[in-house]
Structure formats: structure tokens, C-alpha cells
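*Asks:* Just need the structure, nothing else, for what follows:
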Amino acid sequence: MRWSITRILTHLPATLYVILIYGFIFLPVIVLVLFSFQESRIPIPPFNGPSLKWYAAVFADQRMMGALGNSVLVALVSSGVSLLLGFLAAYALARHRIFGGGLFQGLLTAPLTVSYLIIAMGLLITFNSLGVPRSLLTIGIGHVVINLPLCFAIVYSQMGAHQANIERAARDLGAREWQVMTLVTVPLLWPALFAAFFLSVTFSWDEFIIAFMVSRFDVTLPVEIWSMLRSGLNPKTNAVGSFVFLISIALVLLLDLIVFRRKKP
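*Replies:* Got it, this is the predicted structure:
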């Protein structure tokens, strides 16, 4: 009994610290989700509900649903393009000797250290100079710029020597280069490819600065939420924010179940 009390007291500071940290991180999200079920228009205590009134209002709002559809489209397409280009770049630099390979690797990962604001301003100037109209296409290009380095870094880090040996064995058995890439390399790197794709989807889904600066009439969900908040607090923002949070949590859980959870023998 005395040993148990001593053990509890020993771990108490660490337990309290963890509770405070998680409370600090998730308290705003809990408040957001709680007041998304508020019956009244003003999201302040006391809580009045629960009610699905504002969720129904979100799904009935054509502008909001259009922005949601734009976000899904941009996130999926830009993440797919980022993953394809990142994989090809990683394969070339990891499996072939290229003059200036270290320089190319540094240039590919450089956007990870640059502010999104600087990238957005550069893209805006470039599009205006080329006469490219601002649209979902320009948003997608911007998201490829920021997600391609992420996909490259994840895939490149997983290209080990053991995979190179398996690829070499496949070539010795008569496989062509495209067969090695599609039938050997891709299956071996599937967890890394899956993780890179869903991380890109998450970053694209939440990104605001680039989407705001290079868009015009067709906007993504974060830009639409910002437009709503310009006129003051709107209870629909709580509902759509909670909806986005639940989608993000679902993606993370799916990623955890498929990629990181290994079946026990």
C-alpha cells in the first residue's frame, strides 16, 4: 500500500503536466465543438442545446458547400500531383547518380523553410506576370509547391539500401525499369506514399494564405470561413469548424490504422 502511494506521488507531477498540455491544446477545439451544438445564435455560456440547427444551416448554404467541394477537389488533386512528382524526384536522386544531386535535393526541400506568405506573394507576382487568371488551378499549383517538398522528403527518407537490393534482383531476373518501379518500388514504399499523400491532403485542406492570395471567385473552405468572420461571429463557423475537425481526425485515424498499425503474428 505504501509502495503504491509512493509510486502515485512520484508520477503525479508528470501526469498533471500531461493533462495541462493536452488541455491547453484541445480546450479550444472542445469549446468549438460544444458550441457548434448551441441553440442560440450567440456562442456564449450558458450552453443552450444540444441542437443540430447550425449543421443543417451549413449544409443548406450553397456557398459553404461549394467552398467545401473546392477544398476537397484541390486537396486531392494537388496531393496526388505532389506525391507523383515527389516520388519521381526521390527515385531519381536515390537510385541514380546525378551531377549536382545534393544541390537538387536542397532546392527541393527549400520551400519547407520558406514562409507561406512569401510563397504566396511570389506565386501571385508570377501568375500576374504570365497573365494566368486566379482560380482553383492557381490554388492547386500553390499547394503543389508547398506539398511536393514534403512528399519528396518522406519518400526519399524511406528509400534504403535493402530496397535497392530487391530492385537490383528484379532487374537481374529480367524486369524492365518501369516494371521495377511499379511492381517492386511502389509496393515497398506504400506506407510512406500513403502517409505523404494524407499529410499533403491535411495541409492543403487547412491552408489559407496561399488560397486567399491566388484565388478570386472560386474559393476554398478556409477562405470562405474568413469571409464569414469579417462580419462578426457566426454560429455556422462553429459547425463547419467542427465538421472539418472531425474529417481531419478521421483521416488521422485512417492513416494510423492502415499505415502504422501492424498486425500481430
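
*Asks:* how far away is the closest residue to Ile141 other than its chain neighbours from Ile249?
*Replies:* Distances taken as C-beta to C-beta, 6 or more residues apart in numbering put Leu123 closest to Ile141, at 7.1 Å, once the chain neighbours are dropped. From N, CA and C alone the C-beta is placed, and that goes for glycine too. When distances are taken as C-beta to C-beta, to the nearest Å, Leu123 and Ile249 turn out to be 30 Å apart.

*Asks:* Also Ser215?
*Replies:* In this structure, Ser215 and Ile249 are 26 Å apart, going by C-beta to C-beta.

*Asks:* quick one: buried residues of stretch 125-133?
*Replies:* Buried residues in stretch 125-133, defined by neighbour count with 16 or more other C-beta atoms under 10 Å: Phe127.

*Asks:* What is the distance between that stretch and the centre of its chain?
*Replies:* Here the centre of stretch 125-133 is set off from its chain's centre by 26 Å, with C-alpha atoms, centre = their mean, to the nearest Å.

*Asks:* Show residues contacting that stretch.
*Replies:* When contacts are defined by C-beta atoms under 8 Å, 6 or more residues apart in numbering, stretch 125-133 is touched by residues Arg134, Thr138, Val214, Arg216.

*Asks:* Show me what the host helix or strand of Leu84 is packed up against.
*Replies:* With elements delineated by DSSP states H and E, Leu84 resides in helix 62-95, which encompasses its position. Using 3 or more C-beta pairs under 8 Å, 6 or more residues apart in numbering; DSSP states H and E as the contact criterion, the elements in contact with helix 62-95 are helix 53-60, helix 101-109, helix 136-157, helix 161-172, helix 190-206, helix 221-229, helix 235-255.

*Asks:* what helices or strands is the helix or strand following the fifth one leaning on?
*Replies:* In other words, helix 190-206. Secondary structure here is assigned by DSSP H and E; on that basis, the next helix or strand after helix 190-206 toward the C-terminus is helix 209-213. For helix 209-213, the helices and strands in contact under the criterion 3+ C-beta pairs under 8 Å, 6+ apart are helix 116-130, helix 136-157, helix 221-229.

*Asks:* residues in contact with the residue nearest to Ile141?
*Replies:* For Leu123, the contacting residues are Thr138, Ile141, Gly142, Val145, Ile210, Met213, Val214, taking C-beta under 8 Å, 6+ apart as the criterion.
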